[in-house]
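In: Here is a sequence together with a model predicted from it:
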Amino acid sequence: MLKIENLHVSYGGIKALRGISLEVPDGKIVTLIGANGAGKSTTLRTISGLVKADSGSISYDGQELLGKPINKILEAGIAQSPEGRRVFANLTVLENLKIGAYLRKDKDGIEKDLKWVYSLFPRLEERSWQLAGTLSGGEQQMLAVGRALMSRPKVLMMDEPSLGLAPLVVQGIFDIIRTINKEGVTVLLIEQNANMALKVADFAYVLETGTITKFGTGAELLADESIKEAYLGKSKK
Amino acid sequence: MKNNKKRNLLLSLILAAICIAFLLYVDKFQHYSMLATVLKKGAIYSLVAVSLNLLNGFTGLFSLGQAGFMMIGAYTYSILTIPVADRAGVYQYFDGGIVQFCVPMIVGLILAGIVPAIFAWLIGLPVLKLKSDYLAIATLGFAEIMRAIIQWKQVGPLTNASNLLKKFANFDSILFPFIVSAICIGFIVLLINSTYGRAFKAIRDDEIAAEAMGINLAKHKMQAFLISSFFAGIGGALLAMFQSSVQASTFTSTMTYEILLIVVIGGIGSITGSIIGSFLYIACSEWWLRFLDDPAPYLHVNISFMRPGFRMLVFSVVIMIVVLFFRKGIMGDREFSWDGIFNFFKKLCKKKDKSAKEVASK
């Protein structure tokens, strides 16, 4: 279980996270929703070690991760597919996937996982020799997810996988999130598309200006009146 | 596929044999010709251009310190390989200098790589934290400072200050720079195609994503910087041998720009491009475009703007044209492969067929 307790993060003098606590139980899909600037991406970037925290604790299965270098966090089993896809545009699809397994040394395991990723995303196998920059937005998102999966993570963190994609493609991405989860990967999903995220999630947290204001199961929050007003587009009466 | 592999290997062997035969012929019968000069200098510049490409093209670190590292390499090599008996003559203003031993050629060559790499490590610690233009400015500044220091009178006993260093161990056959360059470039190619090379390219494409994949940015940038300056140093030593003398004042920033020009013309991120670019550039600057420096090249007609140095002006125009219209250079970021050549001709034939059919149908 990934556990975050009383996490404070600030950029310069500006506080981005003001003591948030959340739990991601094994085998579940947990989503973090909120508006722009609420601190969603900061949370994810702090967990992965890209951003330093002021105080608090991030632990996975009891092992403290805060302050550890990025590679140690990855080795502990926490990978991320970053916001805006960020595929390596001038490398081929295959090379991108191999970079995902950069820290691993077991050649057979990498080969096996490559097949696994290709079975999840047959489109990537068809295009394995194509440069990643020439893929469509949806395919690039698949590649970003596939790349993160190549490190064989126990927890996959996804930052806005639906960003800038057509509704039909977004549907496909969320189907894949479910599939990945069924195959035993815990998912921490960060989304602005609250409707889709809440439908797929087991648990959900609502983040507002650096604090968690609400949490519950996906279905609970989906039915919550204030959530409906703020995030799901129901007009005030 | 397997047939292709066999065919490609065979073709490569044939090409290599032709090249070696050609070089042996030039070595034997045209040893002092312009062709031999161009080939030797071209091979040396290939190595330096590839080393710069490793940094600029593959790791995305825009460095302009290559001439500085070449200079350190050239000085390391020549200081260490001057025979002890000749030292009094070379260091005539400094009582024979302070280095009173001489190492074998091959040891000197390896040290000519290691010493610049040590300097690269020292300046890399602060400088590699800089990005793009700032890194270029810092490395350029380093090269200029090193040039000034080497010419300083106080270090004269070691570097002979601004006087020439000469009489160091030298090569005779023109095959020598080719063999050294080929080994070094071969090593760089292996590196680029390895996991390390992929990490370099990932850093070039997207630093943040690379970091998120667990690639240690500082470590890999430093590695690329060290390896690049190592081979630049060996290139510098080869250049010293080619010129059979070394003087700090020749390793100006202009030399770095020459190499950068080669990399850009050849294609940033293409090893083959850098090699082709080197030979092309050296052939033009040393040989084919020489006539531009001659005020009266044809029929004794005086052309007033053609004078020594006009050649370089033409190169400035060439680089402007390349940057404006052929931004990818000769090779882009592709590499030479037999399959690529065959595909190219197949496409060409198809196009011809098509246009012929179109003409016929009309």
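Out: That came through, no problem.
In: Work out which residue lies at the spatial centre of chain A.
Out: Taking CA atoms, centre = their mean, the centroid of chain A lies closest to A:M158, which sits 1.5 Å from it.
In: That one in helix, strand or coil?
Out: Under DSSP: H, G, I helix; E, B strand; the rest coil, A:M158 falls in the strand class.
In: Could you give the number of residues near the closest residue to A:L103 other than its chain neighbours?
Out: Distance criterion CB to CB, 6 or more residues apart in numbering or on different chains; nearest residue to A:L103, sequence neighbours excluded, is B:G214 at 4.5 Å. No exception for glycine: its C-beta is placed from N, CA and C like everyone else's. By other CB atoms under 10 Å in any protein chain shown, 24 other residues sit near B:G214.
In: can you pull the contacts of B:G214?
Out: B:G214 makes contact with A:70-71, A:74-75, A:102-103, A:151, according to CB atoms under 8 Å, 6 or more residues apart in numbering or on different chains.
In: ok, and the most crowded of the residues you listed?
Out: A:L74 (25 neighbours).
In: Tell me the spacing between it and B:W121.
Out: To B:W121, A:L74 is 27 Å away according to CB to CB, to the nearest Å.
In: Chain neighbours aside, what residue packs nearest to A:Y118?
Out: That would be A:E125: by CB to CB, 6+ apart, it lies 4.0 Å from A:Y118.
In: How many residues are close by that neighbour?
Out: That count, for A:E125 with other CB under 10 Å as the rule, works out to 15.
In: Sketch out the low-pLDDT regions of chain A for me.
Out: By pLDDT under 70, the weakly predicted segments of chain A are A:234-237.
In: Show me which residues of it sit near chain B.
Out: Proximity of chain A to chain B (CB under 8 Å from any CB of the partner chain) is limited to residues A:48, A:50, A:69-71, A:74-75, A:80, A:82, A:86-91, A:95, A:98-100, A:102-103, A:147, A:151.
In: and A:F203, what are its bridge partners?
Out: With DSSP bridges as the criterion, A:F203 is bridged to A:V30, A:T217.
In: How about the contacts made by it?
Out: A:F203 makes contact with A:23-25, A:28-31, A:215-218, according to CB under 8 Å, 6+ apart.
In: Same list (the contacts of B:G214) but as a markdown table, adding secondary structure.
Out: Formatted as a markdown table, the contacts of B:G214 follow (three-state DSSP):
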| residue | secondary structure |
| --- | --- |
| A:I70 | helix |
| A:N71 | helix |
| A:L74 | helix |
| A:E75 | helix |
| A:Y102 | coil |
| A:L103 | coil |
| A:S151 | coil |
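In: helix, strand or coil for B:Y93?
Out: coil.
In: quick check, nearest of the contacts of B:G214 to B:I321?
Out: Closest approach to B:I321 among the contacts of B:G214 (CB to CB): A:Y102, at 39.7 Å.
In: The closest one touches B:M213, doesn't it?
Out: Yes: if you go by CB atoms under 8 Å, A:Y102 and B:M213 touch, sitting 5.3 Å apart.
In: Who are the contact partners of the nearest residue to A:P161 once chain neighbours are set aside?
Out: Nearest residue to A:P161, sequence neighbours excluded (CB to CB, 6+ apart): A:I173, at 5.1 Å. By CB under 8 Å, 6+ apart, the contact set of A:I173 is A:138, A:141-142, A:145, A:161-162, A:165.
In: hang on, A:I173 in a strand?
Out: No: counting by three-state DSSP, A:I173 falls outside a strand, being helix.
In: related to what we said a few turns ago, can you redo the contacts of B:G214 as CSV with distance to B:V84?
Out: Output for these, formatted as CSV (distance: CB to CB, whole Å):
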residue, distance to B:V84
A:I70, 53
A:N71, 51
A:L74, 56
A:E75, 55
A:Y102, 50
A:L103, 51
A:S151, 57
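In: quick one on the thing from earlier: show me the contacts of A:I173 that map onto helices.
Out: A:138, A:141-142, A:145 (DSSP state H).
In: Helix, strand or coil: sort out the nearest residue to B:I227 once chain neighbours are set aside for me.
Out: Excluding the flanking residues, the one nearest B:I227 by CB to CB, 6+ apart is B:L54, at 6.5 Å. Under three-state DSSP, the three-state class of B:L54 is helix.
In: So B:L54 is in contact with B:S228, correct?
Out: Yes: using CB under 8 Å, B:L54 makes contact with B:S228 at a distance of 5.0 Å.
In: Of the two, which one has the most company?
Out: Comparing B:L54 with B:S228 by neighbour count (other CB under 10 Å), the higher total belongs to B:S228, at 29 against 26.
In: I'd guessed that one sits against B:L55; true?
Out: Yes: assessed by CB under 8 Å, B:S228 is found in contact with B:L55 at 4.3 Å.
In: Touching both of the two, which residues are there?
Out: Common neighbours of B:S228 and B:L55 are listed as B:S63 (criterion: CB under 8 Å, 6+ apart).
In: which non-adjacent residue is nearest the residue most central in space within chain B?
Out: In chain B, the residue lying closest to the centroid (CA atoms, centre = their mean) is B:V48, at 2.2 Å. Distances taken as CB to CB, 6+ apart place B:G235 nearest to B:V48, at 3.8 Å, with adjacent residues excluded.
In: Who are the packing partners of the one helix or strand the one you found maps to?
Out: Under the criterion of DSSP states H and E, B:G235 resides in helix B:217-243. Judged by 3 or more CB pairs under 8 Å, 6 or more residues apart in numbering or on different chains; DSSP states H and E, the packing partners of helix B:217-243 are helix B:34-53, helix B:66-81, helix B:105-127, helix B:175-192, helix B:195-205, helix B:207-212.
In: most tightly surrounded among these?
Out: Counting by mean count of other CB atoms under 10 Å in any protein chain shown, helix B:66-81 has the highest mean neighbour count of the helices and strands packed on helix B:217-243, with a mean of 29.
In: Which residues of chain B lie near chain A?
Out: Chain B comes close to chain A at residues B:195, B:198-199, B:201-202, B:204-206, B:208-216, B:269, B:333, as judged by CB under 8 Å from any CB.
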